[in-house]
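Novice: Kindly return the folded structure for what I paste below:
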Amino acid sequence: MYATRPLCLYKSHPDLLSVPPEGPGSGYLILEDADDVGYITTWSGKKTREPIKDLPFPQNKLLTVEYTSGEDNYVDKAAFIPVVDQLLSSNRYYVIVAKDDDKKVMSIISIQIRLAYTSGKKEEEKPKPYCFCGSGIYIPDKPPKTLDSYDIDQQFEIFKRTGESFSARSVDPDSFPPTFSRRSGWKVHASDPKSYPIGEASGINSALRSQLADFNFPVSREHSLPVSVGKWYCPFMFVREGTQKEQMERTMFYKLTLEQRWERISACENGDVGGNTVALTAVVPTEVVRISWTEAIPERDEAKGIMWFWTKNEMGLQVKIGLSLVIIERMTWEQDRVGWVHGNEKQVMVAQMEKYQGGDSWQKFGCYMLVEQLVLKRLDGSLVLTYDFNHTNRIRSRKRKISTFEEVDGSKKKLTMKKRPTAAQRMVWEEERGGWVKGKEKQVRVVKEEEYGGMWTSYGCYVMVESFVLRRNDGSLVLTYDFRHTHQLRGNWE
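Specialist: Next up is the predicted model:
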């Protein structure tokens, strides 16, 4: 996980190059802006940017290594990414192979091969048949291969020569870098890659993170609005998706953000429990990974240093995403430092007793847990996966009351906050204001005498009924609740 820093910061404060990155599996990417670029005017009057004069190298540019020997000119394009967990002052880099998208259009450049250069060893050259020149020692270039972030044969120390020239040595003292970089006195030119524009990513915002996400939201919501509290970039070699060719065509860097939210783990109505106390019991997973919003199954591969996540898409086909264990350990460290509790179990039981100080005059209760979610996206904005860390040690609850209108003095209407714990009591209140008489019995005897002045053949006595009808959103019936107004009787003669 790499935070970004502007190149001008290190030009004005070179001592900061010796500040270590924050946490394991971390590093800094250097961003060059327009003010960092110098220009020279050619004999024809054309302005062209100067070669890079000093370290560190920028990562938002594609670099061209140029070496001239006599009439020969050698050009190699590469991306230089600082080695993870190293000081910028160490000048250690992974060097990633690059080439042009189109040989005819040199301005369109992107990382296509995306394999890492690897150091070679001295070998004894065998004499050729029919040749009496004898044998000698030579250093063959090894073919580039998939990067292993901890393989010292893929780590190179860049050092400055005289003027604007550089050279490289292998971190492994018994190895040698590839020919193009071990030549002494090559220059570096920068160009703008259209395939991986990266911007500011400051890492963790500790002050904002410590405030926690806003808890002022309706209890009817399942979660609060997410708040971004951190941002990093992950170079492609720490993420595995699809085939190598597919990944090459997708992105050079991935964007990683850390978001906070409160997520509901339990809810109930007062009518379900009664009183002013709620006993909460919930089983919560400590971490959840989702690909395309579907929960994924983890599988750790220690040999390759990757944690794989498996799921199936809408077509039933298996989808897998791999994260380097370097990233997994960095994410876990980021959670451990703020008290995330995971233990040895994948699930944790949350048991809690909540008491409402306002008596039993509440309607709905919701219990929420703090979730910190890491969101991994490609630079085009498309989602790769989400990684939730559930903080079962940070639990909060909310209760909801209802406001009603009351008529005062027959004309004025005043908003009165009344506390009613159940929907049934709300319905009773509505009926009583219309004169409904409940009494102490479940049944009422009605005695009424009526006289009709003419001839009649049948008589019926009717009671006025007000019925509450409860339906689901699809229109299906749940229940009806009848209130019989026995003081409202009418007779009908025929």
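Novice: Look at Arg261 and say how many residues are nearby.
Specialist: Other residues within reach of Arg261 by the criterion other C-beta atoms under 10 Å amount to 20. C-beta: built from backbone N, CA, C; applies to glycine.
Novice: and it, that one's in a strand?
Specialist: Yes: secondary structure of Arg261, determined by DSSP: H, G, I helix; E, B strand; the rest coil: located in a strand.
Novice: Wait, it touches Gln373, no?
Specialist: Yes: applying C-beta atoms under 8 Å as the test, Arg261 and Gln373 come out as touching, 7.0 Å apart.
Novice: Spell out which residues are contacts of both of the two.
Specialist: Shared between the contact lists of Arg261 and Gln373 (criterion: C-beta atoms under 8 Å, 6 or more residues apart in numbering) are residues Pro226.
Novice: do you know how far the nearest residue to Cys8 once chain neighbours are set aside is from Pro173?
Specialist: On the basis of C-beta to C-beta, 6 or more residues apart in numbering, the spatially nearest residue to Cys8 that is not a chain neighbour turns out to be Asp36, at 6.0 Å. According to C-beta to C-beta, to the nearest Å, Asp36 and Pro173 sit 34 Å apart.
Novice: And the two? Which one has more around it.
Specialist: A side-by-side neighbour count of Asp36 and Pro173, using other C-beta under 10 Å, places Asp36 first with 16 against 7.
Novice: Hmm, Leu9 and the more buried one touching each other?
Specialist: No: under the criterion of C-beta under 8 Å, Asp36 lies out of contact with Leu9, with a separation of 10.6 Å.
Novice: can you tell me which residues contact the residue nearest the centre of the chain?
Specialist: The central residue of the chain, meaning the one whose C-alpha is nearest the mean C-alpha position (C-alpha atoms, centre = their mean), is Val375 at 1.6 Å. For Val375, the contact set (C-beta under 8 Å, 6+ apart) comprises Leu256, Thr257, Leu258, Glu259, Leu383, Thr386.
Novice: Which stretches in the chain count as helices?
Specialist: For the chain, applying DSSP state H gives helices covering 7-12, 179-182, 206-211, 244-248, 270-273, 325-336, 423-432.
Novice: do you know which of the ones you listed lies nearest Ile81?
Specialist: Judged by C-beta to C-beta, the one of the helices of the chain that comes nearest to Ile81 is helix 325-336, at 13.0 Å.
Novice: helices or strands next to that closest one in the packing?
Specialist: Of the remaining helices and strands, those touching helix 325-336 by 3 or more C-beta pairs under 8 Å, 6 or more residues apart in numbering; DSSP states H and E are strand 306-312, strand 383-400.
Novice: which one of those strands lies closest to Gly23?
Specialist: The closest approach between Gly23 and any of the helices and strands packed on helix 325-336, judged by C-beta to C-beta, belongs to strand 383-400 at 14.9 Å.
Novice: State the mean pLDDT of the closest one.
Specialist: Across strand 383-400, pLDDT averages out at 90.
Novice: before we move on, back to that, which of the contacts of Val375 are buried? Put it as a ChimeraX command.
Specialist: In ChimeraX, a selection of the buried entries from those looks like this (16 or more other C-beta atoms under 10 Å):
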select :256,257,258,259,386
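Novice: The contacts of Val375: which two are farthest apart?
Specialist: Checking the contacts of Val375 against each other with C-beta to C-beta, the farthest-apart pair comes out as Leu258 and Leu383, at 15.1 Å.
Novice: one step back: separation between the residue nearest to Cys8 and Leu87?
Specialist: Applying C-beta to C-beta, one obtains 21 Å for the distance of Asp36 from Leu87.
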